[in-house]
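Trainee: predicted model, plus sequence, below.
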Amino acid sequence: MPDPALALIEFDSIATGIQAGDAMVKSAPVAHIIAGTVHPGKFLVLVTGDVAPVQEALAAGLATGSAAVLDHVFLPGVHPDVPAAIAAARQPSIDEALGIVETSSVAAAIQAADAGLKAAQVTLLELRLADGLGGKGLLFFAGHVSDIEAALDAGCTAIENSGYLVNAVVIPQLHPEMAANLINSTRFRSLVG
């Protein structure tokens, strides 16, 4: 998805989310829409495309689904690694350090990932959204300690007023066995079988 803007709305009502997603694509010619359920009973609507139509679609979705909106994000000039990570792309390498940001909303995780990638020379190892996390967002940055610190600072600053930051940590020199686990998968169940 090489589009220059991305918007996501997180709803606590599936029916309202579908209604709002429909209003979004009817209001503006966005390039892509991806909508569906995530745990625990949330509905996400993601649109990408040129900045003005994405912004217009976001406004329509927020107006239509206002009572059910949990969180939202609008990223004009989104970093290209963010849409790739949303599409489940993983970068399987951990350099000198690992940075982790844990959020209580999907939108906050996406916003923190974008801000961190733009602020420092880090790799987005993975961006996990909602499913298998009880609705949380989780992102992993890899890189040098100073870059990880800068990325986490930018990511946390970007979402500090939202109230959705759960935790952020920097782990220098991650133990090789822990690194192997995270590179393989961040889901416990997939590592057991």
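Mentor: Ah, there it is.

Trainee: mean pLDDT per helix and strand in the chain: which one sits at the bottom?
Mentor: Within the chain, no helix or strand scores below helix 188-192, which has a mean of 78 by mean pLDDT, DSSP states H and E.

Trainee: contacting residues for the closest residue to Leu58 other than its chain neighbours?
Mentor: Leaving aside its chain neighbours, Leu58 sits nearest to Ala7 (4.1 Å; criterion: CB to CB, 6 or more residues apart in numbering). In this view, the C-beta of every residue, glycine as well, is placed from N, C-alpha and C. For Ala7, the contact set (CB atoms under 8 Å, 6 or more residues apart in numbering) comprises Leu46, Val47, Thr48, Val54, Gln55, Ala57, Leu58, Gly61, His72, Val73, Phe74, Leu75.

Trainee: can you name the next helix or strand after the helix or strand harbouring Ala7?
Mentor: Applying DSSP states H and E as the criterion places Ala7 in strand 5-11. Going down the chain from strand 5-11, the next helix or strand is helix 14-27, by DSSP H and E.

Trainee: parallel or antiparallel, list what pairs with the helix or strand following that following helix.
Mentor: Where DSSP H and E defines the elements, the next helix or strand beyond helix 14-27 is strand 32-38. Here strand 32-38 has these sheet partners by DSSP bridges: strand 42-49 (antiparallel).
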